[in-house]
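> Model the structure of this input:
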Amino acid sequence: MQTSKKNALKWCWLSVIVIVLDQLSKYWVETHLIPYQPLPVLPFFNLTLMHNTGAAFSFLSRTGNLSTWLFSMVAIVVSIVLIAYLRRIPAARRWMACALALVLGGALGNLLDRFTSGYVIDFLDFYYQHWHFAAFNLADSAITVGAAMLLIEAFFFKREPS
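Next comes the predicted model:
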């Protein structure tokens, strides 16, 4: 049954932008950098091409194809749930729609890597002296910003009673 109420699915344009920027940046890094050789940009930041077969912070990276399939399936399920949720929430909930679209775009950007390469391409390498934060990419950034927005929504936005 089709409702006359507009939904937030139109925010998928933001997901597409995240995917395109993510894939373009990864293509540039793959064609211009040598794996694991840092390119200094700032005193606390390098571009360093890395291949991550695990999840965030290389979690489960030593499990071979198992992690690739596991994280691919999780990304597919999460993407389906996010699309379904975008379809259900009203278009007026722009903050929530933007957050969900960012997470969706990031999940699909990394999923493309897993399908095409068997690993995720990471390259943003922040550090302080000899301590390096785990390398990440634009898709990871979109997921993180979207998740932070969801937390802000949950704790600070007033909701109307259902």
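> Now do Phe162, the pLDDT please.
Let me fix one detail, which is that residue 162 is Ser and not Phe. With respect to pLDDT, Ser162 has a value of 50.
> Please apply the same query to Pro40.
If you check Pro40, the pLDDT there is 96.
> So what touches the helix or strand containing it?
Assigned by DSSP states H and E, Pro40 falls within strand 39-42. By CB atoms under 8 Å, 6 or more residues apart in numbering, the residues outside strand 39-42 that reach it are Leu33, Asn46, Leu47, Thr48. For every residue, glycine as well, the C-beta is placed using N, CA and C.
> Now the terminal residues of stretch 83-93, how far apart.
Stretch 83-93 has an end-to-end distance of 15 Å (CA to CA, to the nearest Å).
> next one: it to chain centre, how far?
19 Å (CA atoms, centre = their mean, to the nearest Å).
> pLDDT on that stretch, on average?
Per-residue pLDDT over stretch 83-93 has a mean of 94.
> Return the residues in contact with the residue nearest in space to the middle of the chain.
Closest to where the C-alpha atoms of the chain average out (CA atoms, centre = their mean) is Gly106, at 2.3 Å. Contacts were defined as CB under 8 Å, 6+ apart; by that measure Gly106 touches Val18, Asp22, Leu138, Ala139, Asp140, Ser141, Ala142, Ile143, Thr144, Gly146.
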